[in-house]
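> A predicted structure for the sequence below; I have some questions about it.
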Amino acid sequence: MTKLVALGWLLLPALVQACEGCKSSAQENGSPNAIGEAFGYSIYFMLLCPMVIVGGMVWIGVRQFRRLEQERALGTAANR
């Protein structure tokens, strides 16, 4: 299903283009303006924040699981 949606976006790019409000803030008479650039940076920031939070949670989880595996390995080696 995901591949089908991606193919649809590639075949019909007008569906995924920016709305008129976003386009008008990003360009002024065909040239980029500061408000449009700031709007773009704010979108990148809003996308980056959840990714950093989820990445941090995954990193903490992996670290905890590795520590638990080491403790188990040491525990089984000591019992032998």
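Right, received. Where do you want to start?

> And for Gly40, the neighbour number?
Gly40 has 15 neighbours, counted by other Cβ atoms under 10 Å. Placement of C-beta: from N, CA and C, glycine included.

> so it sits in a helix?
Yes. Looking at Gly40 with DSSP: H, G, I helix; E, B strand; the rest coil, it is inside a helix.

> Need the pLDDT of it.
Per-residue confidence (pLDDT) for Gly40: 76.

> and if you look at the one 10 residues further on?
Per-residue confidence (pLDDT) for Pro50: 94.

> Secondary structure element holding it?
Secondary structure from DSSP states H and E places Pro50 in helix 34-79.

> Show me what that helix is packed up against.
helix 20-26 (3 or more Cβ pairs under 8 Å, 6 or more residues apart in numbering; DSSP states H and E).

> okay, and for the chain, where does confidence drop off?
13-32, 77-80 (pLDDT under 70).

> Spatially central residue in it, please.
The residue lying closest to the centre of the chain (Cα atoms, centre = their mean) is Met51, at 4.8 Å.

> For that residue, give me its contacts.
Counting by Cβ atoms under 8 Å, 6 or more residues apart in numbering, Met51 makes contact with nothing.

> what's the neighbour count on Gly8?
Each residue near Gly8 was counted by other Cβ under 10 Å, and the total is 11.

> Same check on Ile35?
Every residue meeting other Cβ under 10 Å relative to Ile35 is counted, giving 12.

> and it, how far is that from Ser42?
Computed with Cβ to Cβ, to the nearest Å, the distance linking Ile35 and Ser42 is 11 Å.

> now Phe65
As judged by Cβ to Cβ, Phe65 and Ser42 stand 35 Å apart.
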